[in-house]
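[1] Sequence isn't available, so here's the structure alone:
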């Protein structure tokens, strides 16, 4: 779907303000999620939207790795994400919020975007296909299938 961009400046300002109001971006502390954050911030600047950084902690990950569940691990992630959100807000002048949730990444990202009234979800995607996707799975594919809002996937070959 291509959105028509108005010709006059006043109409363009209204158009920009109505495209996206809140953009959620998945954060998993990989180079791909760093790129997704950059794209989300650029879009937010262009549309005057706010950004929400969201990290999903896999449910049971600590049990699968035979480590005793550690509540301070969640606190550390929340603190790190809060500091990053504050840094992005300071550096861009945008409103940047954050959230940490537990569960299946695709399900929780979709649920988070709905609960926080986000207009767009931005995710990094390795672009796995075929057998690799079947064996490893794809959070991005799950989000695209379930999301009630547009999903923007940022791939590994994005030019800086």
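    Ah, there it is. Note that the coordinates shown come from a computational prediction; the quantities given were computed from them, not determined experimentally. Residues are numbered from 1 along each chain as shown.

[2] now the helices: where do they sit in the protein?
    Listed in chain order, the helices of the chain (DSSP state H) span 9-19, 31-47, 61-64, 71-92, 105-115, 130-136, 139-146.

[3] out of these, deepest packed?
    helix 105-115 (a mean of 20; mean count of other C-beta atoms under 10 Å). All C-beta spots, glycine's among them, are computed from the backbone N, C-alpha and C.

[4] Would you mind pulling the contact partners of it?
    The contact list for helix 105-115 (C-beta atoms under 8 Å, 6 or more residues apart in numbering) reads 24, 26, 28, 52, 54, 56, 58, 99, 101-102, 118, 121, 123, 139, 141-143, 145-149.

[5] Go through the helices of the chain and name the closest to residue 157.
    Closest approach to residue 157 among the helices of the chain is made by helix 31-47 (10.1 Å; C-beta to C-beta).

[6] which helices and strands sit right next to that closest one?
    Counting contacts by 3 or more C-beta pairs under 8 Å, 6 or more residues apart in numbering; DSSP states H and E, helix 31-47 is packed against helix 9-19, strand 22-26, strand 50-57, helix 71-92, strand 120-124, strand 151-154.

[7] go again using 10 Å as the cut-off
    In terms of contacts (3 or more C-beta pairs under 10 Å, 6 or more residues apart in numbering; DSSP states H and E), helix 31-47 is packed against helix 9-19, strand 22-26, strand 50-57, helix 71-92, strand 96-102, strand 120-124, strand 151-154.

[8] Would you reformat those as CSV and include mean pLDDT and distance to residue 44?
    Formatted as CSV, the helices and strands packed on helix 31-47 follow (pLDDT from 0 to 100; distance: least, C-beta to C-beta, whole Å):
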stretch, mean pLDDT, distance to residue 44
helix 9-19, 55, 11
strand 22-26, 96, 5
strand 50-57, 95, 5
helix 71-92, 92, 8
strand 96-102, 94, 8
strand 120-124, 93, 9
strand 151-154, 90, 12
